[in-house]
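**Q** sequence and predicted model, in that order:
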Amino acid sequence: MKRWLMVMPLAVFLLVAVFLYKGLFLKPDELPSAMIGKPFPVFSLASTQGDRTLTQADLQGRPALVNVWATWCASCKVEHPYLNQLASQGVVIYGVNYKDDNAAAQKWLTEFHNPYLLDISDEQGSLGLDLGVYGAPETFLIDGDGVIRYKHVGVVDASVWREQLAPRYQALLDEATP
């Protein structure tokens, strides 16, 4: 019995050490999403401009990026110019303004330009919760039927676009074209 009590701390230490060692090799921007392969969540929320109510049906019809952003998010300010560039090249981007003040979001989009074809105001964070959002920015890739195909956590920049999102986006465009 005494021997067991002496070995127990060592066994616990080794178990914790293995767990922490494994964590060193995880990629934080590749957080798994239970939403991959599932339809975009059902929602009915106002647009950031407040001129209409948007639903998941408004996001269907063509492949698109759905970018979760907020004015309080420093990383969102970093990625915003690149999103404007993508939008100017014809990439369809929808925005989800997450847990943010709507007046601040409107000011942001006026000041920094609006890359979003539609921008959803998610002031309470309910849509973000349904999407499994950890924080902003996060970007989802959806197909023309509104099914989530990919999730990127973090800033979308030229490298992320070129290496991760563009090939998947193009594949969805190719699938949608008869």
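**A** Good, I have the coordinates.
**Q** least confident secondary structure element in this structure?
**A** Least confident helix or strand, the chain: helix 2-23 with a mean of 64, by mean pLDDT, DSSP states H and E.
**Q** how about the helix or strand that that one is followed by: buried residues?
**A** Using DSSP states H and E, the helix or strand that follows helix 2-23 towards the C-terminus is strand 44-46. For strand 44-46, the neighbour count (16 or more other C-beta atoms under 10 Å) marks Leu45, Ala46 as buried. Bear in mind the C-beta positions are built from the backbone N, C-alpha and C, glycine included.
**Q** give the pairing partners of strand 44-46; include direction for each.
**A** Counting by DSSP bridges, the strands paired with strand 44-46 are strand 53-55 (antiparallel).
**Q** elements contacting the next helix-or-strand element following the partner strand?
**A** Per DSSP H and E, the first helix or strand lying C-terminal to strand 53-55 is strand 64-69. On a contact count with 3 or more C-beta pairs under 8 Å, 6 or more residues apart in numbering; DSSP states H and E, strand 64-69 meets helix 74-88, strand 93-98, strand 138-142.
**Q** mind listing what the second one pairs with, with the direction of each?
**A** In the sheet containing strand 93-98, its partner strands are strand 64-69 (parallel), strand 118-122 (parallel), by DSSP bridges.
**Q** with the last one instead?
**A** If you go by DSSP bridges, strand 138-142 pairs up with strand 64-69 (antiparallel), strand 148-153 (antiparallel).
**Q** which of the strands paired with strand 93-98 sits most buried?
**A** strand 64-69 (a mean of 26; mean count of other C-beta atoms under 10 Å).
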